[in-house]
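A.B. asks: Need coordinates for the below:
(one chain, ligands or ions: 2)
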Amino acid sequence: MTEYQKTYIELKKQFSKTDGGPDSVRALYAFKEELEQNEDPQAKEVLVDVYDLLAFKKDAYELLCQIGDRSDKKTLKRMGTLKDYAENWGNHYALPKPKTPEEKREEKERRARLGLPAFRYHPDPLDTGAFEESEEGVICDCCGKATPIFYSNPFFSVEDIAYLCPACIASGEAARKYDGSFQDDYSLDDGVNDPEKLDELIHRTPGYSGWQQEYWRAHCGDYCAFLGYVGARELRALGALEDVLDDPMWDDEQKETIRESVNGGHLQCYLFQCLQCGKHLVWMDMD
Ligand SMILES: [Zn+2]
Ligand SMILES: [Zn+2]
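C.D. replies: Ligands and ions are numbered 1, 2, ... in the order given. Below you'll find the predicted structure:
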């Protein structure tokens, strides 16, 4: 066994033991960067495993194609599996490198400088990917102004809209101008009686993007905040899995599916949190 393999096995052990804890992922990232700089073929072999574990499927596939021994049946089989993932997902679902407290603070300050409006029901739309950033900037269809940040998730309107800026969403101007909405008002939990809350959710809140029809959860008489895309691993890491399973929405079979869900897999979970009591809830659908 090579030194690289030994290190990898040790790091993988930590990773499994902590269920993908931030320290273990950071250590894997450091190892990945080290191996990327290393020209030793034995290092490259282990780099395929590291890419695979961190779900850089495209990188794993391409590297294996370069260095893999095609006369070896096991390698060929692995190539086939990775090819499938790589073609469907690329590196899209790679585990993000966990940020240090210092990096988190810097990112928070950077975002504060961008002056994004606050969205009660979608508190971090940059994090969830509802908003994208463009260095050159794009022109908002609604107000005609240049914006470095634009909305890229569903907007239900007759006209085709390419870009909306955060301000036109927050003010309700985009929904008014195009008679559109960001969330279908039939795909919501019952139990919210305040029409102002409904208006804020469907007309002034960036939506999210599901496999199927997006559905918005509610709890304690209010709509919940959308926190992002998750699978069982992310829910465990947040300590929210049991909370999410304690929900009359799901029968035993569905609870089992949530326990086995993988972020970016065939069954996708969408995480919400009650703004009143803090309870976590999910919505889920299939591709
Ligand atoms: Zn605008
Ligand atoms: Zn609640």
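A.B. asks: in the sheet, who's paired with the residue most central in space within the chain?
C.D. replies: Nearest to the mean C-alpha position of the chain, by CA atoms, centre = their mean, lies residue 229 at 4.3 Å. Here residue 229 sits in beta bridges with residue 270, going by DSSP bridges.
A.B. asks: Ligand 1 versus whichever residue of the stretch 51-200 of the chain sits closest to ligand 2, what's the distance?
C.D. replies: Relative to ligand 2, the nearest point of the stretch 51-200 of the chain is residue 191 (10.1 Å; CB to the ion). Where C-beta positions appear, they are placed from N, C-alpha and C, glycine not excepted. Computed as CB to the ion, to the nearest Å, the residue 191 to ligand 1 distance reads 33 Å.
A.B. asks: Apart from its neighbours in sequence, what residue is nearest that residue?
C.D. replies: Nearest non-adjacent residue to residue 191, counting by CB to CB, 6 or more residues apart in numbering: residue 218, 5.3 Å away.
A.B. asks: Could you count how many residues lie near the one you found?
C.D. replies: Residue 218 has 20 neighbours, counted by other CB atoms under 10 Å.
A.B. asks: likewise residue 235?
C.D. replies: Using other CB under 10 Å, residue 235 is surrounded by 23 other residues.
A.B. asks: can you tell me which residues contact it?
C.D. replies: By CB atoms under 8 Å, 6 or more residues apart in numbering, the residues touching residue 235 are 241, 244, 258, 269, 271, 280, 282.
A.B. asks: quick one: which of those is nearest residue 80?
C.D. replies: Of all the contacts of residue 235, residue 269 has the smallest distance to residue 80: 28.1 Å, by CB to CB.
A.B. asks: In this structure, which residue sits furthest out from the middle?
C.D. replies: residue 71 (37.8 Å).
A.B. asks: Could I get the pLDDT score of that residue?
C.D. replies: With respect to pLDDT, residue 71 scores 93.
A.B. asks: hmm, back to that, just the ones in strands from the contacts of residue 235, please.
C.D. replies: Using DSSP state E, the subset of these located in strands is 269, 271, 280, 282.
A.B. asks: Excluding chain neighbours, what is closest to the last one?
C.D. replies: Pointing back at residue 282 there. Nearest residue to residue 282 in three dimensions, chain neighbours excluded: residue 269, at 4.5 Å (CB to CB, 6+ apart).
A.B. asks: Was I right to think that neighbour contacts residue 260?
C.D. replies: No: if you go by CB atoms under 8 Å, residue 269 and residue 260 don't touch, sitting 10.6 Å apart.
A.B. asks: Which one's more surrounded, these two?
C.D. replies: Higher neighbour count among residue 269 and residue 260: residue 269, with 23 against 11, using other CB under 10 Å.
A.B. asks: Could you tell me how far that one is located from residue 191?
C.D. replies: Counting by CB to CB, to the nearest Å, the separation of residue 269 from residue 191 is 21 Å.
A.B. asks: next one: residue 184
C.D. replies: Distance, residue 184 to residue 191, by CB to CB: 17 Å.
A.B. asks: before we move on, what about residue 77?
C.D. replies: Relative to residue 191, and taking CB to CB, residue 77 is found at 50 Å.
A.B. asks: now swap in residue 238 and tell me
C.D. replies: Taking CB to CB, one finds residue 238 at 24 Å from residue 191.
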